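Trainee: Structure for the following, please:
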Amino acid sequence: MDHLDEITLTGLTVFGYHGVFDHERRDGQEFTIDLTLNLSLKDAAASDDVADTVHYGELADRVAAIIAGEPVNLIESLAERIAGAVLDDERVRMVTVTVHKPHAPIEQSFDDVSVTIRRSRV
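Mentor: The predicted structure follows:
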């Protein structure tokens, strides 16, 4: 039987320098990331060993390094980078990545702007 379970990490907030405008690249801002990983957790549940699952603390560190790292213009590009890093783990079959940019340079009043992508193993 095929198992498709989930690990979800929400609200990972990291300072980065992404954006189209010079002031975004210069001053930076906070980005918040939500992730849902689809994978089988059967082996981890049976062994009770963190080595048999995606260690979400290490996952958070990898994603934070991407956000704090090399700037991109678009949060679409940032989401794609994050998805690729998550899929580097062969156990992950699909990932959903939402990148929130709550301090985007929009003149109107708003709570948040975000992009969500889903990527899966071919």
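Trainee: shouldn't residue 18 be in contact with residue 79?
Mentor: No - contact status for residue 18 versus residue 79: not in contact, 10.6 Å apart, counting by Cβ atoms under 8 Å. In short, each C-beta sits where N, CA and C put it, glycine included.
Trainee: how about low-confidence regions in the chain?
Mentor: Along the chain, segments meeting pLDDT under 70 span 1-2.
Trainee: And the helices in it?
Mentor: All helices of the chain, identified by DSSP state H, fall at 22-27, 42-47, 56-68, 75-87.
Trainee: so which of the ones you listed is the most packed in?
Mentor: helix 75-87 (a mean of 19; mean count of other Cβ atoms under 10 Å).
Trainee: what does that helix rub up against?
Mentor: 16, 18, 31, 33, 35, 37, 59, 62-63, 66-67, 72, 92, 95, 97-99, 101, 114-117, 119-121 (Cβ atoms under 8 Å, 6 or more residues apart in numbering).
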